[in-house]
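>>> Could you work out the structure for the sequence below:
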Amino acid sequence: MGIGIGEIMVVLIIGFIVVGPEDLPKVARTLAKCVKKIRSYMKELTKSFEEEIKADEIKEAGRNIKSLTSEFERVQQDVLRHAAEVKDTIKD
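Numbering: from 1, shown residues only. Presented below is the predicted three-dimensional model:
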């Protein structure tokens, strides 16, 4: 997080002065639990966003496949039509 030893010492000294030596461990534990919960929520949120993005990508890929399939069918019909024309020309 980019926090150095100096910053940690300043926070500990201020915490020691404000909270007092008896309650400082309790406050530190509570703060650690809160940070742990926030990290957990952030991981869940990130996972949710990633899943949503993947779902959108899958939907877009499906649309692209449908578009390519219809284009392939159109080209296939053109080839069959030209083959029939060539066959008719050869018969004549």
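>>> what about the longest helix in the protein?
Taking DSSP state H as the criterion, the chain has its longest helix at helix 24-91.
>>> could you say what helices and strands that helix packs with?
helix 5-19 (3 or more C-beta pairs under 8 Å, 6 or more residues apart in numbering; DSSP states H and E). No exception for glycine: its C-beta is placed from N, CA and C like everyone else's.
>>> what's the average pLDDT for the helix it packs on?
Per-residue pLDDT over helix 5-19 has a mean of 83.
>>> try stretch 42-57
The model assigns stretch 42-57 a mean pLDDT of 90.
>>> gap between the longest helix of the chain and the chain center?
Centroid separation for helix 24-91 versus its chain: 11 Å, with C-alpha atoms, centre = their mean, to the nearest Å.
>>> L24 is in contact with F16, isn't it?
Yes - assessed by C-beta atoms under 8 Å, L24 is found in contact with F16 at 5.8 Å.
>>> So which of those two has more stuff around it?
A direct count of neighbours by other C-beta atoms under 10 Å for L24 and F16 places L24 higher, at 15 against 11.
>>> Let me see the contact set for that one.
Listed by C-beta atoms under 8 Å, 6 or more residues apart in numbering, the contact partners of L24 are G15, F16.
>>> Near I14, how many other residues are there?
For I14, using other C-beta under 10 Å, the count is 10.
>>> What separation do you get for it and A32?
17 Å (C-beta to C-beta, to the nearest Å).
>>> How about K59?
Taking C-beta to C-beta, one finds K59 at 41 Å from A32.
>>> cool, H82 as well?
Taken as C-beta to C-beta, the span from H82 to A32 is 74 Å.
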